[in-house]
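Engineer: one predicted model, sequence on top.
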Amino acid sequence: MPSICYNCVCIKHNFGLPHLVSSPAWHRHLDQASSEEERQRIHKAKYQGLPQPSRGTGPRRQPARPKRGRQQISH
C-alpha cells in the first residue's frame with residue numbers, strides 16, 4: 001500500500017521550502033513549528049500541488065466503444 005504524503009513548509013527541516021513527508025512526519029513538523037504563523041502556513045500547504053482523490057463512489061468506467069470490423073451489408 002502506498003504511503004500518504006503531504007506537503008510541509010516547516011522552517012526546521014527545509015528552511016520553509018515545500019517538501020513531501022509522511023503523515024506522522026507532517027504531524028511532528030506541525031508540533032515542532034516555532035510559531036502560530038508557521039503552523040498556519042504548514043496547514044495551508046498540506047495539500048497544495050498534490051493530486052486530490054476522486055470523490056466518486058466507484059471506479060471510473062470508460063464509455064463503450066463501437067466494435068471495429070466488417071460491417072454487415074443488407075440486401
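Structural biologist: Okay, I see it.

Engineer: mind listing what's buried along stretch 40-51?
Structural biologist: Arg41, Ile42, Ala45 (16 or more other Cβ atoms under 10 Å). C-betas here are computed from N, CA, C, even on glycine.

Engineer: need phi/psi at Tyr6.
Structural biologist: Tyr6 adopts backbone torsions of phi -130, psi 160, taken as degrees, to the nearest 10.

Engineer: how about the contacts made by it?
Structural biologist: Tyr6 is in contact with Leu20, Val21, Ser22, Ser23, Trp26, Lys46, Tyr47, Leu50, counting by Cβ atoms under 8 Å, 6 or more residues apart in numbering.

Engineer: which stretches of the protein form strands?
Structural biologist: 5-8, 19-22 (DSSP state E).

Engineer: out of these, which comes closest to Leu30?
Structural biologist: Minimum separation from Leu30 across these (Cβ to Cβ) falls at strand 5-8, 8.1 Å.

Engineer: in the closest one, what's buried?
Structural biologist: Within strand 5-8, the residues that qualify as buried are Tyr6, Asn7, Cys8, counting by 16+ other Cβ under 10 Å.

Engineer: where does pLDDT dip in the protein?
Structural biologist: Applying pLDDT under 70 to the chain flags residues 1-2, 51-75.

Engineer: ok, back up a step: let's have the contacts of Tyr6 in CSV, adding distance to Gln32.
Structural biologist: Putting the contacts of Tyr6 into CSV (distance: Cβ to Cβ, whole Å) gives the following:
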residue, distance to Gln32
Leu20, 17
Val21, 12
Ser22, 15
Ser23, 15
Trp26, 11
Lys46, 15
Tyr47, 20
Leu50, 22
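
Engineer: so which of those residues is the closest to His13?
Structural biologist: Comparing these against His13 with Cβ to Cβ places Val21 closest, at 7.9 Å.
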